[in-house]
Structure formats: structure tokens, C-alpha cells
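> Generate coordinates for the sequence data below:
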Amino acid sequence: MREIDYGNLMHRAMRGLIQTVLTDVADNGLPGAHHFFITFDTRHPEVEMAEWLKSRYPEEMTVVIQHWFENLAVTDDGFSITLNFGNSPEPLYIPFDAVHTFVDPSVEFGLRFETQDFDEEDDDEEEQDEAPAAEEKPRGEAEVVSLDQWRK
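Numbering: from 1, shown residues only. A predicted model of the protein is given here:
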């Protein structure tokens, strides 16, 4: 029996939203107080970053796109950007499939992507909780992330 895969459809739509937003920023700059916290999986095979950053962030890293960034270029698959790490400009390439969270705290907007664990055969036990996802939750659903962790 064929089923509609809402989880993957939602992932694609949400990644498309990020692509549209970043393309606009690449073309026109950041409007107003907008800025982004983007957390991504540094282990993703298509992530490109300096070795010293990979060793410092062996699993996950959060970058901030706000005051200083250069060379933002967006493709269908991801984006490249140069960010400043301790007065050292470093180019990064982040595929959209590696993104875990995208947050714009200026307007209290956030997305969380749960990635599919392909090692597990049991697709019938997908969780549909409305509560925030725990770190150990099987990944596979897309949901809005709580902004409380980024508030001052």
C-alpha cells in the first residue's frame, strides 16, 4: 500500500524555505535585525570546513550569520559562506541535508530537522510527540525548535 511520506515532504519544504531566505540574503544582505543560528552535522560527508574546525567540532557546530560574513552563495544542495573565527576568515560549505536547526531569533522563528537513521529497519515506531525532541529521539521528523535556549 502506497502512503504519503509527509515527513520527507516537510523536510524538503523547510529546506526550500532556508534556501529561499539565504538566497535573498546573498542577493540583498540581512534585512533589519534578522540574523541566523544554523546548527549542522560536521560529520556529513559533503561538509567542507578547515581541519582545525572539524577537530574542534567533531559532531555538530552552530554558526551565526549576523555582523560579518562574506561570499554567501546558495545552490539547490547547500550554501557556502566565509565566516570569521577569532580573526581568521574561514570558508565553509554546508549542505542543506546536514542542517539540524535554523533559527532567526529576531522574529522568534526556528526549524529543527531530525535526520533519518538508515541503520534501523523499524519504520513503524516513528514518534509523533508534540513535546520538544530529546537528543536520543530517533531522527526522522521535522519540527519547530524551541527558541528558549537562545533567549538572553
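
> Contacts only, for residue 50.
residue 90 (CB atoms under 8 Å, 6 or more residues apart in numbering). Where you see a C-beta, it was placed from the backbone N, CA and C, and this is true even at glycine.

> quick one, phi/psi of it?
The phi and psi values for residue 50, taken as degrees, to the nearest 10, are phi -60, psi 150.

> Repeat that for the one 10 residues further on.
Note on residue 60: its backbone torsions stand at phi -150, psi 150 [degrees, to the nearest 10].

> what do you get for the one 5 residues further on?
Geometry field for residue 65 lists phi and psi as phi -110, psi 110, criterion degrees, to the nearest 10.

> which residues does it contact?
Counted by CB under 8 Å, 6+ apart, residue 65 has contacts 25, 30, 35, 36, 38, 72, 81, 83.

> I'd assumed the fifth one was in a strand, is it?
Looking back up the chat, that one is residue 38. Yes. With DSSP: H, G, I helix; E, B strand; the rest coil as the criterion, residue 38 is part of a strand.

> How about the contacts made by it?
62, 63, 64, 65, 94, 99, 101, 102, 103.

> just the contacts of residue 65 now: which is nearest residue 6?
residue 38 (24.1 Å; CB to CB).

> Residue 17 versus the residue of the chain positioned farthest from its centre, what's the distance?
Within the chain, the residue lying farthest from the chain centre (CA atoms, centre = their mean) is residue 1, at 32.7 Å. Counting by CB to CB, to the nearest Å, the gap from residue 1 to residue 17 is 31 Å.
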